[in-house]
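> how does the following fold in three dimensions:
(one chain, ligands or ions: 1)
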Amino acid sequence: MKLVKDYLNLKKCIYQIHKFDVYILPIIFFESALEAMIPYVPIVLISYLVDRLGEQYPISKLLLATMFAVILLFLMNLARGKLYYGFWPGTENCNDKMDGLYGEKTLTMDFQQLDSEKVNNLRAKIQNDRNWGGGIYGMIPQLQGCLSGFFGFLIAVVLIIPIFINGRLYQGFGVFIFLCYALILTFFSTWFQKSTAERELMVREKFDFGSGRSNYLQRGGITYREGKDIRIYGAKPLIKSALKEEKKDKMVLEVSKLEAIAGAVDGTISALLLGGAYMFVVIQAINGRVGIGSVVLFASAIFRFSESIKSLAKSFSEIMVNAERMQSSFSYLELPEVLEKGKFKVPNDIDNLVIELKDVSFHYPSDEHEVLSHIYLKLHHGNQIAIVGKNGSGKSTLIKLLCRLYEPTSGAIFLNGVDIREYDYNEYLTLFSVVFQDFKLLPLSLGSNLSGNVSYDVDRAKDCLEKAGFGERLKKMNYRYDTPLYREMEEIGVELSGGEAQKVALARALYKNAPFVVLDEPTAALDPISEYEIYAGFRNMVGNKTALFISHRLSSCRFCKEIVVLDQGKITQRGSHEELVWDKNGIYYRLWEAQAQYYQEEAI
Ligand SMILES: Nc1ncnc2c1ncn2[C@@H]1O[C@H](COP(=O)(O)OP(=O)(O)OP(=O)(O)O)[C@@H](O)[C@H]1O
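Residues are numbered from 1 along each chain as shown. Below is the predicted model of the structure:
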């Protein structure tokens, strides 16, 4: 069963490589054949020359043979060089395209999948493979090793058999003993290579997560953004110890140890084989069974025969080990959709959209603890509802369910009376403009950030940025809408302050102009004047759209006719500010009082 699975993985992988680059497989084939053939040219030449030394052969013929061999060698090396020139770029090209496939999958998979433990594990494994050239990433060099071993083996057989037959080496007990000796050594070496490859894989698998950590700690993870906190809190020793903890060094040591032992065993076996082969053929030559030239050819061919089998076995066992490893890549790329996606078109009449949550409960895939419990909420067109509550009460999670980033674990959400799962997923998403609490802007141009596209409408971008209070800052940007944000991708990228970034995120939501506007802590990073301007212009910004608004600044929620209070995942209160503030036992009153008191004391 496992073998069938491995075989299918290999087949898929080779097919994928062929799809990425149609030239790479022929290149590997011919390059491997040449790699196997080239060492035999000087061996055959020397054997030919030595055999003719005693025969008073015309020197011109010997020179001609030498020249022929030299030219042949030159041409073969030239051809190999040319193929090699295509080999590495081809390999890189395939690896890059593989990265592209993973990237595309990450961008398109259901968000809920992206947040699952399974996907996290798969990503760590794939990253580890990328780091040390395993799994799919190891296929091309291993295929090359396997083919060159195979060709080396074939050529050695073709050379040895005639000597055996012509020299009648197959007669005699010594041959039997020598063949047993050679076969035992070769088998032992092959078994050793295979078990080393398997043990190496086990060691590396133990550190799949370690590679994720080291990627974070050593490569892209820590940037100048984290740099501030690390310095202020003196966290350098912490980072260093975290690096030590993940024991990547230990993995490198373990793998190096295995490789060193394998190298030493391999070298000893090669020496034993070569010595044995020479002794055997010299004895045969002394007994007159083969010529002196054949001694060289035969001993070298036997040596290369064994080396080829070892190389074939090594590459083959690595391929088999990797075939299993490839499963993580295919599992990732073939992850099924978890969201039910229907075909219904969303209603055209956006002025009459009604969203209703009926008995919605939810827990995150990684945690059985219920975050939302039996929520009922109805959003009529034009409603502007505020959601308030303590930290962790489930406000942002509610928004994620509304936008179908996660599915409710029970209950359902309806749009105009139809379960939202019945609608075309992408069409449904067009209904929402959301500013998430932990929103992210992309390190691309300002204009592209607004439109989510390469092109954008300059007038609309200007209008939205101004409404979001970014107008003044925009004037200072040299490349205006083409200014790249942040420095990850462009040297001239502009660093935005937290509040400026939040204004751009708001402008992005306005630019989308969707019928539902959801703002999760939209002004947390804004200065009081900007915040005031945003709220003063809120009606202008949101117009008569349906809006959901989350904020801890309760004074800024007062303009919403309805306020919903969440506590530990349950709706505990709802009503206008005036209604809620009356209930002195309610959470709203306590939250309001805590803030109001603070302002009163400040005023004093
Ligand atoms: N991706 C996740 N996986 C597992 N648990 C999560 C995830 N995101 C949030 N949680 C948990 O769900 C609970 C509710 O989180 P949520 O972000 O909805 O709270 P909130 O009311 O928006 O909080 P805050 O006011 O602090 O923003 C928290 O206990 C949080 O730890």
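> which parts of the stretch 501-604 of the chain are helices?
Listed in chain order, the helices found in the stretch 501-604 of the chain under DSSP state H, counting those that start in this stretch are 528-536, 538-542, 577-582, 587-603.
> which helix or strand lies directly C-terminal to the helix or strand where R123 lies?
When secondary structure is defined using DSSP states H and E, the element that contains R123 is helix 117-132. Toward the C-terminus, helix 117-132 is succeeded by helix 139-166 as the next helix or strand (DSSP H and E).
> Serialize the helices of the stretch 501-604 of the chain to CSV and add fields for distance to F414.
All C-beta atoms are positioned from the backbone trio N, CA, C, and that covers glycine. Supplementary listing: those in CSV, determined by distance: least, C-beta to C-beta, whole Å:
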stretch, distance to F414
helix 528-536, 31
helix 538-542, 23
helix 577-582, 26
helix 587-603, 27
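> show me what the helix holding R123 is packed up against.
Judged by 3 or more C-beta pairs under 8 Å, 6 or more residues apart in numbering; DSSP states H and E, the packing partners of helix 117-132 are helix 59-108, helix 173-206, helix 208-218, helix 292-333.
> cutoff 7 Å now
Other helices and strands packing on helix 117-132, by 3 or more C-beta pairs under 7 Å, 6 or more residues apart in numbering; DSSP states H and E, are helix 208-218, helix 292-333.
> take the helices of the stretch 501-604 of the chain and write them to JSON lines, including mean neighbour count and distance to the ligand.
Converted to JSON lines, these look like this (neighbours: other C-beta atoms under 10 Å; distance: least, C-beta to the nearest ligand atom, whole Å):
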{"stretch": "helix 528-536", "mean neighbour count": "15", "distance to the ligand": "18"}
{"stretch": "helix 538-542", "mean neighbour count": "16", "distance to the ligand": "20"}
{"stretch": "helix 577-582", "mean neighbour count": "16", "distance to the ligand": "17"}
{"stretch": "helix 587-603", "mean neighbour count": "13", "distance to the ligand": "11"}
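> out of those, flag the one nearest R487.
The stretch from the helices of the stretch 501-604 of the chain with the least distance to R487 (C-beta to C-beta) is helix 528-536; that distance is 24.5 Å.
> nearest to the ligand: which residue in the stretch 201-350 of the chain?
Per C-beta to the nearest ligand atom, V338 is where the stretch 201-350 of the chain lies closest to the ligand, at 14.7 Å.
> output the helix holding R123 as PDB, nothing but the C-alphas.
The C-alpha trace of helix 117-132 is given here as PDB (Å, rounded to 0.1, in the frame of the first residue of the first chain):
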ATOM      1  CA  GLU A 117      -3.200  22.900  12.900                       C
ATOM      2  CA  LYS A 118      -3.000  20.500  10.000                       C
ATOM      3  CA  VAL A 119      -2.200  23.200   7.500                       C
ATOM      4  CA  ASN A 120       0.300  24.700   9.900                       C
ATOM      5  CA  ASN A 121       2.100  21.400  10.200                       C
ATOM      6  CA  LEU A 122       2.100  20.900   6.400                       C
ATOM      7  CA  ARG A 123       3.500  24.400   5.900                       C
ATOM      8  CA  ALA A 124       6.300  23.600   8.400                       C
ATOM      9  CA  LYS A 125       7.200  20.400   6.600                       C
ATOM     10  CA  ILE A 126       7.200  22.100   3.200                       C
ATOM     11  CA  GLN A 127       9.400  24.900   4.500                       C
ATOM     12  CA  ASN A 128      11.800  22.300   5.900                       C
ATOM     13  CA  ASP A 129      11.900  20.500   2.600                       C
ATOM     14  CA  ARG A 130      12.700  23.800   0.900                       C
ATOM     15  CA  ASN A 131      15.500  24.400   3.300                       C
ATOM     16  CA  TRP A 132      17.400  21.200   2.800                       C
END
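> between it and helix 59-108, how big is the angle?
For helix 117-132 and helix 59-108, the angle between their directions (axes from the mean of the first three to the mean of the last three C-alpha atoms, to 10 degrees) works out to 150 degrees.
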